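>>> with the input below, show me the fold.
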Amino acid sequence: MKRKTLLLLLIVPVTATVFAQNRVSGGISAGANYSKLNADNNSTYNVDWKWKWGAVGGFYLNFPLGNTVSLQPSVLFSQMGGKYNYGFTDSLGNHTYNINQKLGYISVPVPLKINAGNSFAFLVGPQFDFLVGAKIKDQNDNTTDNKNDFKSFDFALTGGIQIMPNSPVSLTVRYIHGLNDIMNSSSVSQVFVGKLHNQDIQATLNFRLFGGTKKTVAVTTPAPPVVEETTVTVVDTDKDGIPDTEDKCPTVAGLAKYNGCPIPDTDNDGINDENDKCPTVPGVERYQGCPIPDSDNDGINDEEDNCPHLAGTAANHGCPEVDASTQSKVDVMTKNISWNTSSGSTLSTRSNKSLDQIASMLTADPNLKATISAHADNTMAADKLKTLSQDRADAVKNYLISKGVKETQIESTGYGNEQPIADSKTAAGRMKNTRVEIKLHY
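Sure, this is the predicted structure:
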């Protein structure tokens, strides 16, 4: 299919070149589609197709077949498709979804054009549509490529009217009715089953670029006598259209406004001054010739800075480092965290004082973050230990949030017995392994 489309795109401009000297004319078209899909489906969902807008553009040729009739084929890229709502009922209730189906076609209408004077003309004929892409967007703006749900070719009939058909600029309005079922019955990803047909109203402005009314010029005067002129040889060494006598850089191709020299690159960063927003400071192309920014002025550019808006150190990847004494205080406070024996994951009131102090640190500095990790011994099954430690880590996180700490400042993870720091065969070791750790960072 790609080869057929490419061949079609090559044939039209070649044909235009061959016939450009005759009455054949041609140009470009651009406008909009207002399309929908006609459904004849047997789905359990209630699909209600709606109209949607899309763009259309390409080029056209006009081949006269007589004084009033001509053939006017076009090659257009056409955005079609439709919107639909579908609903269904299950044990959770009624559900309704809004879906936007986009279809991209290379469209080749081949209508006859029948002139009805200089004001308007009628168009009627077939149209061949070659699918080049399909995407479906759901109500959450998630887009999925579903080209395999549709057939690669559609055949349609088209008819319409063209206003000011003999002018350099004309307006065409066409109706397009697809005759083929465009659904690919072999696809397993269809949201629904049944038949679909393209339906489209298209409006384009057409700009004639060549050809038109045939003109005959009669030669009534004799050819002027040949005047011999002295040939002057113009030397242009660098072939830039500027003779060496006026070229300040005769061996390097340049521009007239720079006296035959190339566009300058003052800072030698490989980006010429006309495209360089920082022409005197070396930069990179993705920042239009300017250096990579360093928003917090800490000497670490934003692309390598984990905290681009907070001055930090290179050793900490551009983020500030937490004072060791502050972390030591937090380590001491976490040893005061304890749990009610009845549930095992409910904080005891003895934990409040230490957690309140940690919450104060975090609310005082919104950029400061905390990573909470809860660990357990090996006194029960590993999956139960993992659940228990996660519940404990979440309990500490929720307490801090209740004290005004932003949720984005805290991460909580339960590791179960995966990271022991002592021998769990002894009571003392099990006590050390059953712990909560809070690490501060930016």
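
>>> distance check, residue 79 against residue 101.
Relative to residue 101, residue 79 is positioned 11 Å away (Cβ to Cβ, to the nearest Å). Quick note: C-beta positions are derived from backbone N, CA and C, even for glycine.

>>> can you give me the domain assignment for the protein?
Under the assignment automatic domain parsing, the domains of the chain span 2-210, 234-291, 324-441.

>>> is residue 353 within a helix or a strand, and which one?
Per DSSP states H and E: residue 353 is located in helix 352-364.

>>> all strands for the stretch 51-200 of the chain, in order.
Taking DSSP state E, counting those that start in this stretch as the criterion, the stretch 51-200 of the chain contains strands spanning 52-64, 69-71, 74-90, 93-109, 112-115, 120-137, 143-145, 153-163, 169-178, 194-210.

>>> how about residue 263, secondary structure?
For residue 263, the assignment made with DSSP: H, G, I helix; E, B strand; the rest coil gives coil.

>>> mind listing what the residue nearest the centre of the chain touches?
For the chain, the residue nearest the mean C-alpha position is residue 143 (10.1 Å; Cα atoms, centre = their mean). Residue 143 makes contacts with 135-137, as judged by Cβ atoms under 8 Å, 6 or more residues apart in numbering.

>>> next: residue 330.
Contacts of residue 330 (Cβ under 8 Å, 6+ apart): 358, 361, 438-440.

>>> buried subset of those residues, written for ChimeraX?
Command for ChimeraX that selects the buried part of the contacts of residue 330, burial taken from 16 or more other Cβ atoms under 10 Å:
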select :358,361,438,440
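
>>> closest to residue 282 out of the contacts of residue 330?
Proximity of those to residue 282 (Cβ to Cβ) peaks at residue 440, which lies at 38.7 Å.

>>> the closest one pairs with what?
Beta-bridge partners recorded for residue 440 (DSSP bridges): residue 370.

>>> other SSEs contacting the helix holding residue 353?
helix 324-334, strand 369-375, helix 382-402 (3 or more Cβ pairs under 8 Å, 6 or more residues apart in numbering; DSSP states H and E).

>>> just how off-centre is that helix within its chain?
Taking Cα atoms, centre = their mean, to the nearest Å, one finds the center of helix 352-364 at 43 Å from the center of the full chain.

>>> just the angle between it and strand 369-375, please?
With axes from the mean of the first three to the mean of the last three Cα atoms, to 10 degrees defining the directions, helix 352-364 sits at 150 degrees from strand 369-375.

>>> residues contacting residue 245?
So, once contact is read as Cβ under 8 Å, 6+ apart, residue 245 ends up touching residue 235.

>>> is it fair to say it lies in a helix?
No. With three-state DSSP as the criterion, residue 245 is coil rather than part of a helix.

>>> separation between it and residue 236?
Taking Cβ to Cβ, one finds residue 245 at 10 Å from residue 236.

>>> next one: residue 83
Per Cβ to Cβ, residue 83 is found 60 Å from residue 236.

>>> what of residue 128?
49 Å.

>>> do you know how far residue 371 is from residue 412?
Counting by Cβ to Cβ - residue 371 and residue 412 are separated by 8 Å.

>>> those two: who's more crowded?
Between residue 371 and residue 412, residue 412 has the larger neighbour count (other Cβ atoms under 10 Å), namely 22 against 14.

>>> so that one touches residue 399, yeah?
No. Counting by Cβ atoms under 8 Å, residue 399 is not a contact partner of residue 412; they are 10.8 Å apart.

>>> list of residues touching stretch 262-281?
With contacts defined as Cβ under 8 Å, 6+ apart, stretch 262-281 is touched by 249, 252-255, 258, 282-285, 287-291.

>>> closest one to residue 378 among the strands of the stretch 51-200 of the chain?
Of the strands of the stretch 51-200 of the chain, nearest to residue 378 by Cβ to Cβ is strand 74-90, at 43.8 Å.

>>> the closest one to strand 120-137, inter-axis angle?
Counting by the same axes, to 10 degrees, strand 74-90 points 40 degrees away from the direction of strand 120-137.

>>> parallel or antiparallel, list what pairs with strand 74-90.
As defined by DSSP bridges, the strand partners of strand 74-90 come to strand 48-50 (antiparallel), strand 52-64 (antiparallel), strand 93-109 (antiparallel).

>>> show the pLDDT at the spatially closest residue to residue 249 that is not a sequence neighbour.
Distance criterion Cβ to Cβ, 6 or more residues apart in numbering; nearest residue to residue 249, sequence neighbours excluded, is residue 261 at 3.9 Å. Turning to residue 261, the model gives it a pLDDT of 94.

>>> ok, residue 261 - contacts?
Taking Cβ under 8 Å, 6+ apart, we find residue 261 in contact with 248-249, 252, 254-255.

>>> mind running it again at 6 Å?
Going by Cβ atoms under 6 Å, 6 or more residues apart in numbering, residue 261 touches 248-249, 254.

>>> most neighbours, which of the residues you listed?
Top of the contacts of residue 261 by neighbour count (other Cβ under 10 Å): residue 254, with 20 neighbours.

>>> and the closest residue to that residue other than its chain neighbours, how far is that from residue 364?
What sits nearest to residue 254 in space, not counting adjacent residues and going by Cβ to Cβ, 6+ apart, is residue 261, at 4.2 Å. Separation of residue 261 from residue 364 (Cβ to Cβ) stands at 60 Å.

>>> repeat that for residue 112.
Separation of residue 112 from residue 364 (Cβ to Cβ): 79 Å.

>>> and if you look at residue 145?
Counting by Cβ to Cβ, the gap from residue 145 to residue 364 is 49 Å.

>>> so which of the contacts of stretch 262-281 comes closest to residue 186?
Closest to residue 186, out of all of the contacts of stretch 262-281 and judged by Cβ to Cβ, is residue 285, at 45.8 Å.

>>> burial count for that closest one?
The number of residues packed around residue 285, counting by other Cβ under 10 Å, is 12.

>>> for the closest residue to it other than its chain neighbours, pull up the helix or strand it's in.
Using Cβ to Cβ, 6+ apart and skipping residues adjacent in sequence, the residue nearest residue 285 is residue 271, 5.9 Å away. Assignment of secondary structure by DSSP H and E places residue 271 within no helix or strand.
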